[in-house]
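Asks: Predicted model and sequence follow; I will ask about them next.
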Amino acid sequence: MGFAVSAFAQGNQVTPAANERLTHVPQWARQAVWYQIFVERFRNGDPANDPTRADITDYVNKDIPTDWKITPWTHDWYQPDSWFESLEPSMNFSGKVQYRRYGGDLKGVLDKLDYLQELGINAIYFNPLNDAPSMHKYDATYWHHIDRNFGPNPRQDAKDMLLENHDNPKEWVWTEADKLFLKVIQEAHKRGMKVTMDFSWNHTGTNFWAFQDVLKKGMKSKYKDWYIVSRFDNPATAVNEFEYQGWMGVNTLPEMRETVNHDNSQVKAYEGNLYSETLKQHIFSVVRRWADPNGDGNPADGIDGIRLDVAAELPMGFWREFREVCRSINPEMYLIGEVWWEKWPDQLLDPRPFVQGDVFDANMNYRWYRSARHFFNSAPDAMPVTEFVKQMNFIFNTVRPEVADAYMNMTSSTDSPRLSTSLYNKGKYKYNVKPFDDPKYKINRPDAATRKVMEQLLVHQYTFVGSPQIWNGDEMGMWGSDDPDCRKPLIWPDYKFDDEVVHPLGQKRAADKVAFDSTAFTLFKQLIAMRKANPVLVKGSLKYVVTDDARRLLAYTRSLDKSQALVAFNLSDKVQVVSIPASQKGVYVNPLNRSMQMRPKKGVVTVTLQPQSSVVLITK
């Protein structure tokens, strides 16, 4: 079944004469294989810049234990740190581990760019790099500076940032961390990799320079309209009456003020804008800084894209202006929105209003993964083959083909269980997915049956419409439940890790060896190489040719000019023979096992599939 462009046009009233500079989706993003990096846990390349207690302190979290220290990289994840005892006793492991730091930095990223090149990556998505006290960096102190502890001289960077005029982009300094990130961009570009940064314009941290000004000056602060302040402090009283709105009630993330009020409990696209013009101009200046660092009008030295956090919780009027600014700097700037939940845990938000050509190029495709996980893993129950096809058609056929190609097909991330652990547990997607929510949730190394399911799902991901994404470490064979357990330090092969023996709820568990999984790495590498070597898997039209509910068989083709790929899956527990219609007369080769070569007979390729297995065949 081809893409129904006309259905999209009718349902969303898109005009063909729309501004092509805005509606254009960068071709590179449609050919991307994404690798998502969480720098703090990626690699510690420079222990001299490790965070201190002062670096992780903010307006809310002031009482960092005096005996706090960096956690060893190879530490058993659930083993309590010695300073845990100094934290509030009622706090569970998930709360205490938020104070951990491992010292990952940009030097570690530079050291491993060749590793990413060997893997086959051509696009890097960095989780927030903002200077910020948390490990996740969504609580920015500065949007226009890289975190001090990601660079070589955090103490000097802290002084330079403090003394600059934050209100005037012409007076912004380039810290050592900023300069190192520019080197990362340069080195990534040399290796043919695009670079995307992650920003949330929805909120800052309490250390953010403008929020600090509001704290000190109250109603007299010229930034008072940037934030949703419900009550200012009365300096005549001893009590601090200052009250503000934090994102989802989180008081470390003060939320930006908008021209409309909206309900975060059930998210939908809505009209409006940011309330403050000066806030918007600050954001636009931040974009210019990273998109064209030397300001010469040539964006080649800057980032190639921006991922927008909690994008559905900001008004559409702002996003339209934002897109105009980004495209004026770099016509090939890729904008991707986090459009996730309408109402958790069952209702995902329809992303189509955001991808009509005036807001984002694409969205993070959580909908694809929820459906694919349900289908290949029979989780939480078995899904008929025809139902899976119906859901895929709805997700991909109701947007423009270039948008469908550029969807980032997510499997796991900083905010969800790792792929292997998600498949190992058979419950709902993103619901009760850590041991503190479900004591029976499995946190140990996933078993061989899970690996078979994962292989099928990955074959689907790398042969399907949309751009595949890897959460850093999944290709190493890492496992872990939802945040914070998906944020373990990466298990590089030159490190020797402690066994995982501790259960956070005190339950008995067998010891699990923690080590780089070369078999998993090889699988990912082969799949990436297959996709990159065969344009038909990136640009080819999609057609479902076998949808057999009774035998649990699925097959589809991808076709481009005289090239064709046949992809088939046996989800049953029986050996199955499947006949796949083939449009080409030549030899079809399995790129994952080149000894397997087949020639169609009467327009059909017949293959025998083992239980829970797949096959890819592509014309020579």
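Replies: Great, that's in hand. For clarity, every value in this text was computed on a predicted model and none was experimentally measured. Numbering: from 1, shown residues only.

Asks: Residue 507: how many residues sit nearby?
Replies: Residue crowding around residue 507 was assessed by other Cβ atoms under 10 Å; the count is 11. C-betas here are computed from N, CA, C, even on glycine.

Asks: so what's it closest to, chain neighbours aside?
Replies: residue 439 (7.4 Å; Cβ to Cβ, 6 or more residues apart in numbering).

Asks: Kindly report the same for residue 332.
Replies: Nearest to residue 332 is residue 26, by Cβ to Cβ, 6+ apart, at 4.6 Å.

Asks: From residue 330, how far out is that neighbour?
Replies: Using Cβ to Cβ, to the nearest Å, residue 26 is found at 9 Å from residue 330.

Asks: which stretches of the stretch 1-150 of the chain aren't confidently modelled?
Replies: 1-18 (pLDDT under 70).

Asks: how does it look with 90?
Replies: Scanning the stretch 1-150 of the chain for pLDDT under 90 picks out 1-21, 62-63, 89.

Asks: Tell me where it has helices.
Replies: For the stretch 1-150 of the chain, the helices defined by DSSP state H, counting those that start in this stretch occupy 5-12, 20-23, 27-30, 93-96, 106-111, 113-119.

Asks: just the stretch 501-620 of the chain next, same as before
Replies: Using DSSP H, counting those that start in this stretch, helices in the stretch 501-620 of the chain cover 518-533, 536-539.

Asks: Columns mean neighbour count on top of these, output as JSON lines?
Replies: Shown next, in JSON lines, are these (neighbours: other Cβ atoms under 10 Å):
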{"stretch": "helix 518-533", "mean neighbour count": "17"}
{"stretch": "helix 536-539", "mean neighbour count": "20"}
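
Asks: Residue 422: which of those is closest?
Replies: Residue 422 sits nearest to helix 518-533 of all the helices of the stretch 501-620 of the chain, at 14.9 Å, using Cβ to Cβ.

Asks: and the nearest residue to residue 36 once chain neighbours are set aside, what does it touch?
Replies: Excluding its sequence neighbours, the residue lying closest to residue 36 (Cβ to Cβ, 6+ apart) is residue 125, at 4.6 Å. Each residue near residue 125 by Cβ atoms under 8 Å, 6 or more residues apart in numbering is listed here: 34-37, 196, 198, 307, 408, 469.

Asks: Now do residue 125 against residue 308, distance only.
Replies: Taking Cβ to Cβ, one finds residue 125 at 12 Å from residue 308.

Asks: residue with max distance from the center of this structure?
Replies: For the chain, the residue at maximal distance from the C-alpha centroid (Cα atoms, centre = their mean) is residue 236, at 46.7 Å.

Asks: and the gap between it and residue 422?
Replies: Using Cβ to Cβ, one gets 54 Å for the distance from residue 236 to residue 422.

Asks: Excluding sequence neighbours, find me the nearest residue to the residue nearest the centre of the chain.
Replies: The chain has residue 413 as the residue nearest its centroid, 5.1 Å off, counting by Cα atoms, centre = their mean. Spatial nearest neighbour of residue 413, excluding adjacent residues (Cβ to Cβ, 6+ apart): residue 471 at 5.1 Å.

Asks: try residue 243
Replies: residue 231 is the one closest to residue 243 (Cβ to Cβ, 6+ apart), at 4.1 Å.

Asks: That neighbour touches residue 241, doesn't it?
Replies: Yes: using Cβ atoms under 8 Å, residue 231 is in contact with residue 241, at 5.4 Å.

Asks: Common neighbours of those two, please.
Replies: Common neighbours of residue 231 and residue 241 (Cβ under 8 Å, 6+ apart) do not exist.

Asks: Could you check how many residues crowd around residue 231?
Replies: The number of residues packed near residue 231 is 9, by other Cβ under 10 Å.
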